[in-house]
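> Pasting the sequence and the predicted model now:
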Amino acid sequence: MNTYLVESPQAESFMELASTNTGSAAFLGDPEQFESGAGPDIANAGIALRQNVAKVAALKNDPTRTEVQKHEAAAVLAERTVQALEKSKASIESRANELWNSAVTQSELTFAPKSDRGTLDSEIRQYLREQAGKPEGMMKIREAMKDKNVAGVVWHSPSFLLDINPANHQKLKVEVLEQHLPDAYKKVVDSLALRDLPAKYDKAINSVRTSFYNPALAAKAKLRVEV
């Protein structure tokens, strides 16, 4: 026996999973696994999804509504759910940007070039360029980055001045933070993790719109003759 209004395997599967804590966490993220600043927004999204899925399930056997009325009500629940997910998604995106910008600001303040270190920085860049072209060069660069002066040059120098591939240079900059600014590094890691969530929310929103109700049946409610 089908439990929900939309009787397709895809819809049934989504609704069954979304009704559970484990399933909603799979769709929207587990608040315990992400940075605490975004935790409440992720938790609220999961609660909204589970509660409204339960209401749609209750509509299935509502004896006071016709089939059209059930789908009309489910459409309202779908829109309510979408609004909640969109709100949480926007907050998550904002938090990810906030963490990223905070980490960059902290890093720039720590590793900004100083006029009295110009000669030293130039010599360090020369050393890094020499190592970059050698088979074991990256290993030596990573070893040298334990020195904060070298780490600073890696951070604030453009890739082309170091003769290091931009992608590899970006990895080195992240390692600089891990070694010398663990707080900023954590913000970067947390930010990147949060940036993966919006795409999941978009997918969940699409599933809500296709699994809660049948648009054709819900639309028939507009044909009702008022007396």
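Looks like it came in fine.

> And the strand or helix carrying Glu123, what does it pack against?
Assigning secondary structure by DSSP states H and E places Glu123 in helix 118-132. Under the contact criterion of 3 or more C-beta pairs under 8 Å, 6 or more residues apart in numbering; DSSP states H and E, helix 118-132 touches helix 137-144, helix 148-156, helix 159-162. Quick note: C-beta positions are derived from backbone N, CA and C, even for glycine.

> Need the winner for burial among the ones you listed.
Highest mean neighbour count of those: helix 148-156, a mean of 20 (counted as mean count of other C-beta atoms under 10 Å).

> hang on, the earlier thing: can you check which of the helices and strands packed on helix 118-132 gets nearest to Asp190?
Judged by C-beta to C-beta, the one of these that comes nearest to Asp190 is helix 148-156, at 19.5 Å.

> is it true that Glu93 touches Tyr201?
No: judged on C-beta atoms under 8 Å, Glu93 makes no contact with Tyr201 at a distance of 9.4 Å.

> which of the two has more neighbours?
Applying other C-beta atoms under 10 Å to Glu93 and Tyr201 shows that Tyr201 carries more neighbours, namely 22 against 16.

> now the helices: where do they sit in the protein?
Applying DSSP state H to the chain gives helices spanning 9-18, 21-28, 39-60, 67-111, 118-132, 137-144, 148-156, 159-162, 166-180, 182-195, 197-211, 215-219.

> could those helices go into JSON lines alongside mean pLDDT?
Converted to JSON lines, the helices of the chain look like this (pLDDT from 0 to 100):
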{"stretch": "helix 9-18", "mean pLDDT": "96"}
{"stretch": "helix 21-28", "mean pLDDT": "97"}
{"stretch": "helix 39-60", "mean pLDDT": "97"}
{"stretch": "helix 67-111", "mean pLDDT": "97"}
{"stretch": "helix 118-132", "mean pLDDT": "94"}
{"stretch": "helix 137-144", "mean pLDDT": "95"}
{"stretch": "helix 148-156", "mean pLDDT": "95"}
{"stretch": "helix 159-162", "mean pLDDT": "95"}
{"stretch": "helix 166-180", "mean pLDDT": "95"}
{"stretch": "helix 182-195", "mean pLDDT": "96"}
{"stretch": "helix 197-211", "mean pLDDT": "97"}
{"stretch": "helix 215-219", "mean pLDDT": "94"}
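
> Thank you kindly, that will do.
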